[in-house]
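> structure for the following, please:
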Amino acid sequence: MEHFAQELFRKRICNLVRIPVETIEPYLKGQQGDPRDVIRRMFDGYITRYLVEKGMPREQARLAMGKLCCFRYERGVEVTVTKIGEFQDCLSRYGMLASSKERQKEHSAVIREESNSRRIDRAIPDFNEFVRFITKFRDIVDTGKLAEFYCSKLFDLKLVKPRNQYSYDAESPTGQKIEIKHRFYSTRIPPGMKIDLEEIDSVFYVELDTSLLPKRIFRINSKDIEYTTDKRVSFKKAFEENRAEIIYQDKGTVKTPE
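Residues are numbered from 1 along each chain as shown. Modelled structure (predicted):
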């Protein structure tokens with residue numbers, strides 16, 4: 001189970017830790033019960049022992065593990081561990097993690113790295129011609145389809161067809177079901193939208209700038225989204241609790257044609 005600990009601490013600045021399920025399968029052979037419970041017990045035991053060996057009192061170690069409250073298991077996809085932020089806070093009190101200020105600097109560095117590695121002008125062939133086209137027809141462009149197109153190019157998503165036969169928009173290379181939503185760039189928290197949360201794994205939330213190019217893209221786990229009424233959802237809590245993970249951000253490196 002060393003792989004779990006390595007992944008947890010290597011990605012300690014993230015709100016979520018995702019571990020390829022292939023690394024877990026061997027541990028499930030011969031185990032009885034729900035795979036999620038089996039994984040949880042193994043993970044709890046391993047990390048608790050790790051923390052005790054590092055000098056944390058056993059009760060505090062158990063409390064810290066209690067903060068990792070939500071696992072999900074899907075065969076062939078991923079295991080997701082949530083509430084890493086609270087777990088970090090507990091570790092920080094014992095000097096096992098960098099200070100919140102240092103973690104924020106590290107987080108900013110990761111965002112810069114992702115922004116440089118994912119650029120829409122490199123993902124779309126004949127980018128300048130593409131921009132001229134959407135600029136010319138901006139009043140009639142379907143911005144929803146445009147947001148889906150951007151996500152498919154940036155993250156290698158497979159858009160589902162025919163669309164009306166699915167309750168989601170796209171599938172990731174690992175088989176995750178993704179709903180894609182969008183709005184024009186704004187600092188406001190987005191309003192409610194209709195989504196069937198039981199049918200998806202996450203939402204990719206695209207903020208478009210005035211040129212109809214993506215300004216920022218967030219990934220929000222379906223478990224961090226709440227229903228309001230009539231299948232409408234609220235992203236407010238996810239944004240307030242920093243569970244809306246920035247997976248793309250334009251830092252001004254994309255140059256549009258004159």
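> only alpha carbons, please: show stretch 228-243 as CSV.
The C-alpha trace of stretch 228-243 is given here as CSV (Å, rounded to 0.1, in the frame of the first residue of the first chain):
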residue,chain,number,x,y,z
THR,A,228,-31.5,23.0,-5.2
THR,A,229,-34.9,22.3,-6.9
ASP,A,230,-36.2,20.5,-10.0
LYS,A,231,-32.8,18.9,-10.7
ARG,A,232,-31.1,22.3,-10.7
VAL,A,233,-27.8,22.3,-9.0
SER,A,234,-25.7,24.8,-7.0
PHE,A,235,-21.9,25.2,-7.4
LYS,A,236,-21.7,27.7,-4.6
LYS,A,237,-20.5,25.3,-1.9
ALA,A,238,-17.9,23.8,-4.1
PHE,A,239,-16.5,27.2,-4.9
GLU,A,240,-16.6,28.4,-1.4
GLU,A,241,-14.8,25.3,-0.1
ASN,A,242,-12.2,25.4,-2.8
ARG,A,243,-13.3,22.1,-4.4
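> in that stretch, what's buried?
Residues 233-235, 238-239, 243 are the ones in stretch 228-243 that count as buried (16 or more other CB atoms under 10 Å). (Each C-beta comes from the backbone N, C-alpha and C, glycine too.)
> now do stretch 201-215
For stretch 201-215, the neighbour count (16+ other CB under 10 Å) marks 201-208, 212-215 as buried.
> from the buried residues of stretch 228-243, which land in helices?
238-239 (DSSP state H).
> now the chain, which segments are flagged as low pLDDT?
1-47, 50-51, 54, 64-117, 184-192, 230, 252-258 (pLDDT under 70).
> the same query, at a cut-off of 90, please.
When residues are selected by pLDDT under 90, those of the chain lie in 1-126, 135-144, 155-156, 161-167, 172-176, 182-199, 209-211, 221-247, 249-258.
> domain-wise, how is it divided?
2-97, 119-249 (automatic domain parsing).
> so who does residue 205 touch?
Contact analysis of residue 205 by CB atoms under 8 Å, 6 or more residues apart in numbering lists 181-182, 190, 217-220, 235, 244.
> in the stretch 51-200 of the chain, which spans are strands?
Taking DSSP state E, counting those that start in this stretch as the test, the strands found in the stretch 51-200 of the chain are 71-73, 78-81, 158-159, 170-171, 177-184, 193-194.
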